[in-house]
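Asks: what shape does this take:
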Amino acid sequence: MNTIILSAPVSDIDGVLQFKFDTSKTEIYSLERRVARRATLDGSSVFEDYGFSHTDRTFVIGARLNGTQLDALTYLLETYPSIVVSIVDGLYLAALQDTKVKGSDATIRILIKEKLA
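Replies: This is a model prediction of the structure:
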């Protein structure tokens, strides 16, 4: 399933956007750990591993949106500092960082704050 729902964190009839995304232009499944590698004087290295956090994730969504959907996306970006993102692998509290629109093709960058469910 390649559907995503972006919504306001409060009840707002205009603050909901559901659309299908283009899987070939979307990055939502990349994960990384908080790991740092430091060189030591003896030619070796030391790893510092601070684990995994959803707050390090960034979703980059590519989609073709119609005018109504673009209006809803613009409204969410301009109105809410946080949104709720519902996607196949979970429910997230996030921030819309930016959108780039060329014709009806949109690229949406979403910074994840936390996984809700």
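Asks: show me where pLDDT drops low in the protein?
Replies: 1 (pLDDT under 70).
Asks: longest strand of it?
Replies: strand 90-102 (DSSP state E).
Asks: quick one: buried residues of it?
Replies: 92-94, 96, 99 (16 or more other C-beta atoms under 10 Å). Backbone N, C-alpha and C define where each C-beta goes, glycine included.
Asks: touching stretch 110-117 from outside, list them.
Replies: Around stretch 110-117, the neighbours that count as contacts under C-beta atoms under 8 Å, 6 or more residues apart in numbering are 6, 54-61, 82-85, 90-97.
Asks: hmm, try it at 6 Å
Replies: Residues external to stretch 110-117 that are found in contact with it (C-beta atoms under 6 Å, 6 or more residues apart in numbering): 54, 57-59, 90-97.
Asks: make TSV out of those and add distance to Leu65.
Replies: Output for the contacts of stretch 110-117, formatted as TSV (distance: C-beta to C-beta, whole Å):
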residue	distance to Leu65
His54	26
Arg57	22
Thr58	20
Phe59	16
Gly90	23
Leu91	22
Tyr92	20
Leu93	22
Ala94	18
Ala95	19
Leu96	14
Gln97	17
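Asks: how near is the residue sitting furthest away from the middle of the chain to Thr58?
Replies: For the chain, the largest distance from the centre (C-alpha atoms, centre = their mean) belongs to Asp42, which lies 41.2 Å off. Here the criterion is C-beta to C-beta, to the nearest Å. By it, Asp42 lies 36 Å from Thr58.
Asks: having no further points to raise, I will conclude here.
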